[in-house]
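>>> sequence and computational prediction follow.
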Amino acid sequence: MELTLDRLTKQFGARIAVDRVSATLTPGVIGLLGANGAGKTTLMRMVCDVLRPTGGQILLDGRDTTDMGDEYRALLGYLPQDFGYYPDFTALDFMRYMATLKGFGKRDGRERSIRLLEEVGLAGDARRKIKTFSGGMKQRLGIAQAMINDPQILVLDEPTAGLDPKERVRFRNLIASFAQDKIVILSTHIVSDVEFIANRILVMRLGSFVMDGSLQQIVAQAAGKVWECHTDARRADAMVAGMSTANVRYAGDGHAVVRVVADERPMEDAVAVDPTLEDLYLLVFSDLATDGRA
């Protein structure tokens, strides 16, 4: 199975949210990494046939997905950033409702609903009303409903928002298992979401793909641009204020170690260190804190 994005473009008035992106996606977890406003959500909505492109096309095994219509949509599972639910439904009722919408019979829909609620850790809360759920529980329910039809293409937009560390681990294990023979597109600005499970990472900036490769290939592009600087606490504060810093550790004796992402050595005795995906993220997006693109 191949999902091809061919010069895909979306424009809102004079603003270009997605700018002629192209990629061929195959089964596995594809991490779509970018700052808030990079165009990820707009791209995901086009992939899920919620938005029509301004230009370009999406092909599934060579067929235009627009022409496929319901046939294509039946293969999709989608978790938007804010998924809709009925607050007075129980979790099980909501899942059974979603199963019915996807064409499951009563018995099959109930069995699949119960199994998915178990997989996301909500089996014990299946008969509670959704309005009583915490944010993390609602998000886990959203992940379950996106998988109700055993989709061939699963699109998850910021899926771990509101999840605690234990829930994130459960989510990563679930998705890694699910994606063995399916295309999973995981859109996020949270580095750890893709660092451990993505087979491939697409880095999106200002509506375009700027990097594409495995974790190792992506991280390698920050080689020689990550530095550890041993300095005093006052200078460390100045470095944090004026440079792209990944972290700083203050010692009790007034000294500090600052990890800096920069093209040039930030101070004479700075030592080059191995980069991480978080370092790469800072290198690409440190200037976009106020960007407001879709």
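Received it, and whenever you're ready, just let me know what you need. Please read all numbers here as calculations on a predicted model, not as lab measurements.
>>> pLDDT at the most far-flung residue of the chain relative to its centre, what is it?
What lies farthest from the middle of the chain is residue 253; by C-alpha atoms, centre = their mean that is 40.4 Å. The model reports residue 253 with a pLDDT of 81.
>>> which residue ranges form the strands in the stretch 151-294 of the chain?
Using DSSP state E, counting those that start in this stretch, the strands of the stretch 151-294 of the chain run over residues 153-157, 183-188, 200-205, 208-213, 226-232, 245-250, 255-261, 271-272.
>>> so can I have a markdown table of the ones you listed showing mean neighbour count?
For every residue, glycine as well, the C-beta is placed using N, CA and C. Listed next are these as a markdown table, based on neighbours: other C-beta atoms under 10 Å:
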| stretch | mean neighbour count |
| --- | --- |
| strand 153-157 | 24 |
| strand 183-188 | 24 |
| strand 200-205 | 23 |
| strand 208-213 | 16 |
| strand 226-232 | 19 |
| strand 245-250 | 15 |
| strand 255-261 | 20 |
| strand 271-272 | 11 |
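>>> could you export the ones you listed as a markdown table, including distance to residue 119?
Formatted as a markdown table, the strands of the stretch 151-294 of the chain follow (distance: least, C-beta to C-beta, whole Å):
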| stretch | distance to residue 119 |
| --- | --- |
| strand 153-157 | 13 |
| strand 183-188 | 15 |
| strand 200-205 | 24 |
| strand 208-213 | 30 |
| strand 226-232 | 38 |
| strand 245-250 | 34 |
| strand 255-261 | 37 |
| strand 271-272 | 43 |
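>>> among those strands, which is nearest residue 34?
Minimum separation from residue 34 across those (C-beta to C-beta) falls at strand 200-205, 3.8 Å.
>>> elements contacting the closest one?
strand 28-33, strand 208-213, helix 215-220, helix 277-285 (3 or more C-beta pairs under 8 Å, 6 or more residues apart in numbering; DSSP states H and E).
>>> and it, which strands flank it?
strand 28-33 (parallel), strand 208-213 (antiparallel) (DSSP bridges).
>>> quick check: mean pLDDT of that strand?
For strand 200-205, the mean per-residue pLDDT is 96.
>>> likewise stretch 54-65?
Mean predicted lDDT for stretch 54-65 stands at 97.
>>> for the residue nearest to residue 181 when sequence neighbours are not counted, which residues are in contact?
Closest residue in space to residue 181, ignoring its immediate chain neighbours: residue 27 at 5.4 Å, by C-beta to C-beta, 6 or more residues apart in numbering. Contact analysis of residue 27 by C-beta atoms under 8 Å, 6 or more residues apart in numbering lists 1, 179, 180, 181, 182, 183.
>>> what does residue 27 show for phi and psi?
For residue 27, the backbone dihedrals are phi -50, psi 140 (criterion: degrees, to the nearest 10).
>>> repeat that for residue 135.
phi -60, psi -40.
>>> wait, it sits on residue 167?
No. The criterion here is C-beta atoms under 8 Å, and residue 135 misses it with residue 167 at 10.7 Å.
>>> these two: which is more packed in?
Taking other C-beta atoms under 10 Å, residue 135 and residue 167 do not tie; residue 167 has more neighbours (18 against 10).
>>> in three-state terms, label the residue nearest to that one when sequence neighbours are not counted for me.
In this structure, residue 167 finds its nearest non-sequential neighbour in residue 136, 5.6 Å apart by C-beta to C-beta, 6+ apart. When classified by DSSP: H, G, I helix; E, B strand; the rest coil, residue 136 comes out as helix.
>>> residues near residue 165, how many?
Neighbour number of residue 165 under other C-beta under 10 Å is 9.
>>> brilliant, that's me finished.
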